[in-house]
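S.K.: have a look; sequence and predicted model below, questions after that.
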Amino acid sequence: MPLQITATDAEHPSALLDLEWNLPLEEWPDTSLVALPRGISRHVVRFARAGDEVVAIKEVSEWAAVREYGLLRDLDRLAIPAVDPIAVVTGRAAADGTPLEPALITRHLNGSLPYRSMFETTMRPDTVNRLLDALAVLLVRLHLVGFAWGDCSLSNTLFRRDAGAYAAYLVDAETGQIQPELTRGQREYDIELARVNIAGELMDLEAGGSLHPSVDPVPFGEAIVRRYADLWHELTRESVYPASKRHYIDRRIRRLNDLGFDVAEMQIERSPAGDTVTFLPKVVDAGHHQRQLLRLTGLDTEENQARSLLNDLESWMATQDDHAPADGLPAARPEVLAHRWLRDVFRPAVRSVPQDLRARIDPAQIYHELLEHRWYLSERAQHDVGLDATVESYTTEVLPHLPDPAAVLAPVEAAEAVEPAETMSPAAGD
């Protein structure tokens, strides 16, 4: 059977053809690989450069590769945070004709890290809590669209900085399945797996001396259950209000918006006696602030980054002379003001950060951190220090000392120091 590459993007096949498909992935030369931190996997996984992009390559059976490729495409269509599928490679063979295992290729998620790399320096308990919050949000989003993960764990997740929190991305869909709607038992099965896996993974870190002494693996594993239950309840619960207080429905929708979700479809029923109104969100879409910022400015960010930038945008709009009607002239449209903020405030601030430092972190995160640093400096000085002074302080005192999640290390062995050889944690399943 000849080599066959099934790809989603017409730009990739030619670059992918240049890779060493006639060698087992474990034997690929260092010149073909990119040294990046890898999570624990039951399969052989390597990073390589295909044209201008870095891709993750996983050797797996043909059935599993095709299935996971299709599931990742489905998740992409459903706007679920997951790695992007690029191609499936089949028909691999060694120089002597020995068949080699097929491969699944996904796009490397820029700025992301596996959880073990984040624990290289002992992580404080509040940071662990933020990771669990991100994982709970991801699991709720998966369940809302009918995706049963079947292997929820820290090992199967990548994390990106999102303002003061983290955003979680699914990185392994091999055990998943999509259905029109999940039963309570299916959801609880995922949650129980998450509880056991997370506790086991934290125990692994504890045994290796990488866990903060105040972090008890078992209670932290159980915490994911409470986080998930609270969020699921808020997003899906049925509310009954007095008919005279129907504005409570608007208040409930605003509360969901504050959590980062939009109500795309709802069911509202009035009781036969007319004294109560029942409200039930039926379709809840994540990314409320993301969509709002994208509509106004064209910036595509994480949810918490979008919330931070929108707050700054709204504060800046209030200072503009044309933000409200005056002297018989209408107020400028929000889209016009947003474009002005993007041109005169956001872009100049980001571009004032030196290019070599700016490459470490995406623009939205840079701007959010500038806002945070400005608040800190202003509090210390007891007056607003302004953005210029903030940029100077941030680029000299803060940014140079931040780790670079996208850094490519020189020898491939450097990445091996971050993660051991491809072995499977007992807590992460088979």
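M.R.: Received it, and whenever you're ready, just let me know what you need.
S.K.: okay, CA-based contacts and neighbour counts for the rest of this
M.R.: Noted.
S.K.: CA atoms of stretch 251-271 as CSV?
M.R.: Taking Å, rounded to 0.1, in the frame of the first residue of the first chain, the C-alpha atoms of stretch 251-271 are listed here in CSV:
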residue,chain,number,x,y,z
ARG,A,251,-30.9,38.8,35.4
ARG,A,252,-30.4,35.1,35.0
ILE,A,253,-29.2,35.6,31.4
ARG,A,254,-26.8,38.3,32.5
ARG,A,255,-25.4,36.0,35.2
LEU,A,256,-24.8,33.4,32.5
ASN,A,257,-23.1,36.0,30.4
ASP,A,258,-20.8,36.9,33.3
LEU,A,259,-19.8,33.2,33.4
GLY,A,260,-18.8,33.5,29.8
PHE,A,261,-21.9,31.8,28.2
ASP,A,262,-24.7,32.9,25.9
VAL,A,263,-28.2,31.5,25.9
ALA,A,264,-28.7,30.6,22.3
GLU,A,265,-32.1,28.9,22.9
MET,A,266,-34.5,29.0,25.8
GLN,A,267,-37.8,27.6,26.9
ILE,A,268,-40.2,29.9,28.7
GLU,A,269,-43.6,28.7,30.0
ARG,A,270,-46.3,30.4,31.9
SER,A,271,-48.3,28.4,34.5
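S.K.: may I have the phi/psi pair for residue 32?
M.R.: Dihedral pair for residue 32: phi -90, psi -10, per degrees, to the nearest 10.
S.K.: who's in contact with it?
M.R.: If you count contacts by Cα atoms under 8 Å, 6 or more residues apart in numbering, residue 32 has them with 19-20, 48-49.
S.K.: residue 214: neighbouring residues, count only.
M.R.: By other Cα atoms under 10 Å, the residues close to residue 214 number 8.
S.K.: contacts only, for residue 335.
M.R.: 296-297.
S.K.: per-residue confidence for it?
M.R.: Residue 335 is assigned 90 on the pLDDT scale.
S.K.: what about it, distance to residue 365?
M.R.: 22 Å (Cα to Cα, to the nearest Å).
S.K.: grab the nearest non-local neighbour of residue 239.
M.R.: residue 279 (5.2 Å; Cα to Cα, 6 or more residues apart in numbering).
S.K.: quick check: next helix or strand after the helix or strand in which that neighbour is found?
M.R.: In the assignment (DSSP states H and E), residue 279 maps to strand 276-286. Once the chain leaves strand 276-286, the next helix or strand it forms, by DSSP H and E, is helix 288-297.
S.K.: extract the C-alpha set from that following helix and format it as CSV.
M.R.: Taking Å, rounded to 0.1, in the frame of the first residue of the first chain, the C-alpha atoms of helix 288-297 are listed here in CSV:
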residue,chain,number,x,y,z
HIS,A,288,-19.9,35.3,25.3
HIS,A,289,-17.1,37.9,25.7
GLN,A,290,-15.0,36.3,22.9
ARG,A,291,-17.8,36.9,20.4
GLN,A,292,-18.4,40.4,21.7
LEU,A,293,-14.8,41.4,21.4
LEU,A,294,-14.4,39.7,18.0
ARG,A,295,-17.5,41.5,16.7
LEU,A,296,-16.3,44.9,17.9
THR,A,297,-12.6,44.7,17.1
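S.K.: what is the very next helix or strand once past that helix packed up against?
M.R.: Next along the chain after helix 288-297, taking DSSP H and E as the criterion, comes helix 303-318. With contacts taken as 3 or more Cα pairs under 8 Å, 6 or more residues apart in numbering; DSSP states H and E, helix 303-318 sits against strand 157-162, helix 288-297, helix 334-341, helix 363-381.
S.K.: so what touches helix 303-318?
M.R.: 162-165, 260, 287-290, 293, 323, 337-338, 341, 364-365, 367-368.
S.K.: which among those count as buried?
M.R.: 162-163, 165, 260, 287-290, 293, 323, 337-338, 341, 364-365, 367-368 (16 or more other Cα atoms under 10 Å).
S.K.: buried residues in stretch 233-242?
M.R.: In stretch 233-242, counting by 16+ other Cα under 10 Å, buried: 235, 240-241.
S.K.: re the thing from before, between the strand holding residue 279 and helix 303-318, how many degrees?
M.R.: Interaxial angle, strand 276-286 versus helix 303-318 (axes from the mean of the first three to the mean of the last three Cα atoms, to 10 degrees): 100 degrees.
S.K.: now the nearest residue to residue 78 once chain neighbours are set aside: how far from residue 284?
M.R.: Spatial nearest neighbour of residue 78, excluding adjacent residues (Cα to Cα, 6+ apart): residue 145 at 7.5 Å. For residue 145, the distance to residue 284 (Cα to Cα) stands at 9 Å.
S.K.: rewinding a little: now the helices and strands packed on helix 303-318 in a markdown table, please, with extra columns for distance to residue 307.
M.R.: Below are the helices and strands packed on helix 303-318 laid out as a markdown table (distance: least, Cα to Cα, whole Å):
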| stretch | distance to residue 307 |
| --- | --- |
| strand 157-162 | 10 |
| helix 288-297 | 6 |
| helix 334-341 | 14 |
| helix 363-381 | 10 |
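S.K.: show me what the helix or strand encompassing residue 224 is packed up against.
M.R.: In the assignment (DSSP H and E), residue 224 maps to helix 217-236. Contacts defined by 3+ Cα pairs under 8 Å, 6+ apart place helix 217-236 against helix 125-144, helix 184-207, strand 276-286.
S.K.: let me see the mean pLDDT of that helix.
M.R.: 93.
S.K.: buried residues of that helix, list them for me.
M.R.: For helix 217-236, burial by neighbour count (16+ other Cα under 10 Å) applies to 217, 220-225, 227-229, 231-232, 235.
S.K.: assumed residue 395 was part of a helix.
M.R.: Yes: per DSSP: H, G, I helix; E, B strand; the rest coil, residue 395 lies within a helix segment.
S.K.: which residues does it contact?
M.R.: Going by Cα under 8 Å, 6+ apart, residue 395 touches 353-354, 357.
S.K.: now tabulate those residues in JSON lines and tack on pLDDT and secondary structure.
M.R.: Listed next are these as JSON lines, based on pLDDT from 0 to 100; DSSP: H, G, I helix; E, B strand; the rest coil:
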{"residue": "353", "pLDDT": "86", "secondary structure": "coil"}
{"residue": "354", "pLDDT": "85", "secondary structure": "coil"}
{"residue": "357", "pLDDT": "75", "secondary structure": "helix"}
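S.K.: possible to save these as a markdown table with neighbour count and distance to residue 73?
M.R.: Shown next, in a markdown table, are the contacts of residue 395 (neighbours: other Cα atoms under 10 Å; distance: Cα to Cα, whole Å):
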| residue | neighbour count | distance to residue 73 |
| --- | --- | --- |
| 353 | 20 | 36 |
| 354 | 11 | 37 |
| 357 | 15 | 33 |
